[in-house]
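K.L.:
Let's see this in three dimensions:
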Amino acid sequence: MIGFFAAISAVISWTFACSIWRRESENFLPRQINIYKNVLASIFFLPVLLTISSFSDVFSIFVLMISGIVGISIGDTLYINSLKIIGTRKTLSFEALTPIIATTLGALSINEIYPPKVWIGSFVVSFSLLMIVCQKTFQKDDSRETNLLGILYALGSVFCAVLAALMSRVILISSTLTPLQTTEIRLLSASIFLFLIFKKDFLYLIKNRSITKQNHLSLILSTLLGTNCGILFQQIVFKFLPIGIGWTLLSLSPVFALFISKREGDEINKLTIFYSFLSFIGVAIVLI
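P.N.:
Next up, the predicted model:
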């Protein structure tokens, strides 16, 4: 049950944080938002480093650093680009692919054996979320080329997220590192990576006086929700649940995003509600 409640908490945190990041993407470049939130989040959890024994967990720390760079530095930058182009709900809906991808990778790479109900439930969730994507509910008049770019960004972020989650899962079940410790290692490595590449963007955010207090407050709130809490809850999920089951639960973000859809010009129809309900049935199949 710990993994289940952690997954739902992560989903809620991500959904509201994504809405803020999308709004702020009108004022900042996606990479600027990503470096801002990761540096700030790693500072919030900095005291955690004092509890880590670097000598006894060198390999684990190295794997987590790679996981942070792939999943947070690269994946989140692609993710925020997608938020800016195609919106919160549609970006989150591309997580329709993650239950099947994660379940397959878990079975092939770390020999996690899943009963038939997990495969069936993962497929139902993936199908339901894919149908939500297919609903023509997004009212914004975007060009086909722009939408395609947003879709590519979303798919890239999904691939990075699953790969990074797989690495995290391996370390969480094979080392003594806690979810909080792995969260800070991933955040810090992602922050250093982004700072080395986008140093000018970070300095711009620090020195630019045109950035309002409201902008900073919004980014701080979204960082606490989506980065600190979101990633910590995610690590707890992968500590207690196999990656396939964990990602099936974490993929429910599009359903929770329905609550903020009208604010983004996204009109919800009856089919969208039906497929959202069907996705919960898929999760129930997995958990029963």
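K.L.:
As a check, name the ranges of all helices in the stretch 101-250 of the chain.
P.N.:
Secondary structure of the stretch 101-250 of the chain (DSSP state H, counting those that start in this stretch): helices located at 116-134, 144-174, 179-197, 199-207, 213-222, 230-240, 243-250.
K.L.:
Can you tell me which of these is most buried?
P.N.:
Mean neighbours per residue, mean count of other CB atoms under 10 Å, is largest over those for helix 243-250, with a mean of 27. Placement of C-beta: from N, CA and C, glycine included.
K.L.:
Let me know the next secondary structure element after that helix.
P.N.:
Going down the chain from helix 243-250, the next helix or strand is helix 253-256, by DSSP states H and E.
K.L.:
Tabulate the helices of the stretch 101-250 of the chain in a markdown table, adding columns for mean pLDDT and distance to Lys37.
P.N.:
Below are the helices of the stretch 101-250 of the chain laid out as a markdown table (pLDDT from 0 to 100; distance: least, CB to CB, whole Å):
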| stretch | mean pLDDT | distance to Lys37 |
| --- | --- | --- |
| helix 116-134 | 82 | 25 |
| helix 144-174 | 84 | 15 |
| helix 179-197 | 91 | 9 |
| helix 199-207 | 80 | 11 |
| helix 213-222 | 88 | 6 |
| helix 230-240 | 91 | 10 |
| helix 243-250 | 84 | 19 |
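K.L.:
I'd like these laid out as CSV, including distance to Ala10.
P.N.:
Below are the helices of the stretch 101-250 of the chain laid out as CSV (distance: least, CB to CB, whole Å):
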stretch, distance to Ala10
helix 116-134, 16
helix 144-174, 11
helix 179-197, 11
helix 199-207, 26
helix 213-222, 14
helix 230-240, 4
helix 243-250, 6
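K.L.:
ok, and the closest non-adjacent residue to Trp247?
P.N.:
Closest residue in space to Trp247, ignoring its immediate chain neighbours: Ala102 at 3.6 Å, by CB to CB, 6 or more residues apart in numbering.
K.L.:
Quick check: that neighbour touching Ser168?
P.N.:
No - here Ala102 lies out of contact with Ser168, judged by CB atoms under 8 Å, at a distance of 11.7 Å.
K.L.:
still on that earlier bit, out of the helices of the stretch 101-250 of the chain, which gets nearest to Ile273?
P.N.:
Closest to Ile273 of those is helix 116-134 (CB to CB; 9.6 Å).
K.L.:
Report the inter-axis angle for that closest one versus helix 243-250.
P.N.:
40 degrees (axes from the mean of the first three to the mean of the last three CA atoms, to 10 degrees).
K.L.:
Helix 116-134 to helix 144-174, inter-axis angle?
P.N.:
Angle of helix 116-134 versus helix 144-174, following the same axes, to 10 degrees, is 150 degrees.
K.L.:
ok, residues contacting helix 116-134?
P.N.:
Residues from elsewhere that reach helix 116-134 (CB atoms under 8 Å, 6 or more residues apart in numbering): 89-90, 93-97, 99-100, 103, 244-245, 248, 251-252, 254, 271-272, 275-276, 278-279, 281-288.
K.L.:
again, only this time at 7 Å
P.N.:
Residues from elsewhere that reach helix 116-134 (CB atoms under 7 Å, 6 or more residues apart in numbering): 90, 93-97, 99-100, 103, 244-245, 248, 251, 254, 272, 275-276, 278-279, 281-283, 285-286, 288.
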